Every structure is written in structure tokens, then in C-alpha cells.
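S.K.: Okay, predicted coordinates and the sequence, questions at the end:
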Amino acid sequence: MSVVCWHTPNFLVGLAVRDQPALAGRPLALFDAHDTVCALSHEARASQVTVGMSKPKAQRRCPDLVTMILRKIRHISVITTKMG
């Protein structure tokens, strides 16, 4: 039996930018239902925002941070189903 693991950096951020091209180049963080960062753009990382950080802390680190709730990204249910 063979197992393949495929990691695509910033995949969820890429989906968000694809759906909303105006987000390209902006600091962007995707949050789960508990307001915890679960994915972020390179621009957000440059502002020292990290995965697992709370929303208020991320916004203090990066006042220009664009925030999105993960469930609002189109096709996320398909991705979750295929990965789960």
C-alpha cells in the first residue's frame, strides 16, 4: 500500500484570493469558528501573525489585516469532504 501526502502552502488563502482578487497582496487571515487563525497570507506572516493566534491579537499585530471566516470561502465543503 502506498500513501501520498500533498501539502500546498497557502491553499485556502489561494482559494479566497481566487474568489476575491482584490485581496491579492493584502494581509489576509482566515479564522475558524472559534476566531483562531487557521491560514494566512505571506503579507500577514510578515506582520508576525501566526497560525493559532486569536483574532484580537492578530489584529493588534497587523491593523490592516483582512479577516475572513473559513466557512465563507466557496468550495470549502468540497475540500473538507475530500480531505476528511
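M.R.: Everything's here; your move. What you see is a predicted model; the values in this text were computed from it and never measured.
S.K.: Please verify my assumption that Val66 contacts Gly25.
M.R.: No. In terms of Cβ atoms under 8 Å, Val66 does not count as a neighbour of Gly25; the distance is 10.6 Å. Bear in mind the C-beta positions are built from the backbone N, C-alpha and C, glycine included.
S.K.: Looking at those two, which is more packed in?
M.R.: Each of Val66 and Gly25 has its neighbours counted (other Cβ atoms under 10 Å); Val66 has more, 17 against 11.
S.K.: Which residues does that one form beta bridges with?
M.R.: Residues in a beta bridge with Val66, per DSSP bridges, are Leu28.
S.K.: need the contact list for it.
M.R.: With contact set as Cβ atoms under 8 Å, 6 or more residues apart in numbering, Val66 has these partners: 23, 26-29.
S.K.: Can you classify the residue most central in space within the chain as helix, strand or coil?
M.R.: To find the centre residue of the chain, average its C-alpha atoms and take the closest one (Cα atoms, centre = their mean): that gives Ala39, at 2.8 Å. Secondary structure assignment for Ala39 (DSSP: H, G, I helix; E, B strand; the rest coil): strand.
S.K.: For it, give the beta-bridge partners.
M.R.: Counting by DSSP bridges, Ala39 forms beta bridges with Leu30.
S.K.: Tabulate the contacts of Val66 (JSON lines), appending neighbour count and pLDDT.
M.R.: Output for those, formatted as JSON lines (neighbours: other Cβ atoms under 10 Å; pLDDT from 0 to 100):
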{"residue": "Leu23", "neighbour count": "17", "pLDDT": "92"}
{"residue": "Arg26", "neighbour count": "14", "pLDDT": "95"}
{"residue": "Pro27", "neighbour count": "22", "pLDDT": "96"}
{"residue": "Leu28", "neighbour count": "25", "pLDDT": "95"}
{"residue": "Ala29", "neighbour count": "28", "pLDDT": "94"}
